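[1] sequence below, structure please.
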Amino acid sequence: MARTDGAGMTYTFRIATFITCIALTAIGPTGPRQDRGGAAPLNSGTVAATYTSEEFELLEFARSRFAQSGLELPDIAVEFPTDDSRCYGYGGVYLPTELTVRICRPSESTMIHELAHAWVETTFNDSDRNAFLELRGLETWTGGDEWDQRGAEQAAEIITWALMDTDIAVRWIETNDDGTTDNTTRLFKVPDSSPDQLVAAYHQLTAGVPHFRISEDARGTRSITETSSPEAK
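    Next comes the predicted model:
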């Protein structure tokens with residue numbers, strides 16, 4: 001979920017600056033996480049707090065997926081608050097005015113989805129956004145009441161699909177105008193998400209191909225239970 005309301009409040013969290021343009025050997029799991037007050041300066045290149053081993057592993061997984069796909073992440077802060085209200089009830093949230101990702105319910109797909117928001121919003125210009133909206137037949141980037149009709153959310157979810165090697169698609173029953181039905185596979189809450197449509201959308205976003213999905217040396221599809229949007233309440 002991308003938040004665009006610009007809330008500038010500073011909370012007391014566990015917070016660490018996640019620098020994607022330096023080697024991960026500069027940071028690492030250091031045992032149980034310690035709570036520390038305040039916030040570190042963004043883009044400072046310093047670690048403001050420690051992560052648990054599980055949190056560090058999640059960050060390393062996501063960072064490596066972006067790096068292997070040639071997508072350079074911005075310097076951002078990544079927080080793991082334990083209170084869901086810090087993510088506004090969602091599993092995760094990206095705060096563009098603070099260059100901060102918050103992960104309240106950690107998972108691979110949630111981590112990649114929120115980092116995808118950060119990549120898109122710091123990479124795209126108006127022309128890029130308009131081109132994606134036109135391709136996907138959408139009218140709004142972040143506005144509107146429907147999650148699946150926002151360009152920003154479709155972009156982040158399509159990048160999540162491309163960078164994962166797990167099956168995050170679901171069985172979907174389409175009802176035709178004549179009353180007949182077709183069984184299809186698509187991303188949850190993202191229409192027009194056949195494999196060909198997803199490949200085309202990913203290419204529009206990145207000018208690349210989703211090699212984790214089509215490469216012969218991919219790890220293969222693993223079965224997981226994350227069949228809903230990583231931001232679903």
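[2] and the strands in the protein, which stretches?
    Secondary structure of the chain (DSSP state E): strands at 15-18, 76-79, 92-95, 100-103, 169-175, 181-187.
[3] so the nearest residue to Val199 once chain neighbours are set aside versus Arg65, what's the distance?
    Of all residues not flanking Val199 in the chain, Pro210 sits nearest, at 6.3 Å (C-beta to C-beta, 6 or more residues apart in numbering). In this view, the C-beta of every residue, glycine as well, is placed from N, C-alpha and C. Plainly put, Pro210 is 11 Å away from Arg65 if you go by C-beta to C-beta, to the nearest Å.
[4] what residues are shared contacts of the two?
    Contact criterion C-beta atoms under 8 Å, 6 or more residues apart in numbering; residues shared by Pro210 and Arg65: Leu163.
[5] residues contacting Arg65?
    Taking C-beta under 8 Å, 6+ apart, we find Arg65 in contact with Ile112, Leu163, Met164, Phe212.
[6] just the ones of those residues in helices?
    Using DSSP state H, the subset of those located in helices is Ile112, Leu163, Phe212.
[7] count of neighbours near the first one?
    Using other C-beta atoms under 10 Å, Ile112 has 27 other residues around it.
[8] list the contacts of it.
    For Ile112, the contact set (C-beta under 8 Å, 6+ apart) comprises Ala62, Arg65, Phe66, Ile159, Thr160, Leu163, Met164.
[9] quick check: chain neighbours aside, which residue is closest to it?
    Nearest residue to Ile112, sequence neighbours excluded (C-beta to C-beta, 6+ apart): Thr160, at 4.8 Å.
[10] any idea how far that neighbour is from Val93?
    Taking C-beta to C-beta, one finds Thr160 at 15 Å from Val93.
[11] and if you look at Leu133?
    Per C-beta to C-beta, Leu133 is found 22 Å from Val93.
[12] for these two, indicate the residue with more neighbours.
    More crowded of Leu133 and Val93, by other C-beta under 10 Å: Val93, with 23 against 18.
[13] hang on, the more buried one packs against Thr110?
    No: Val93 is not in contact with Thr110 according to C-beta atoms under 8 Å; the separation is 9.8 Å.
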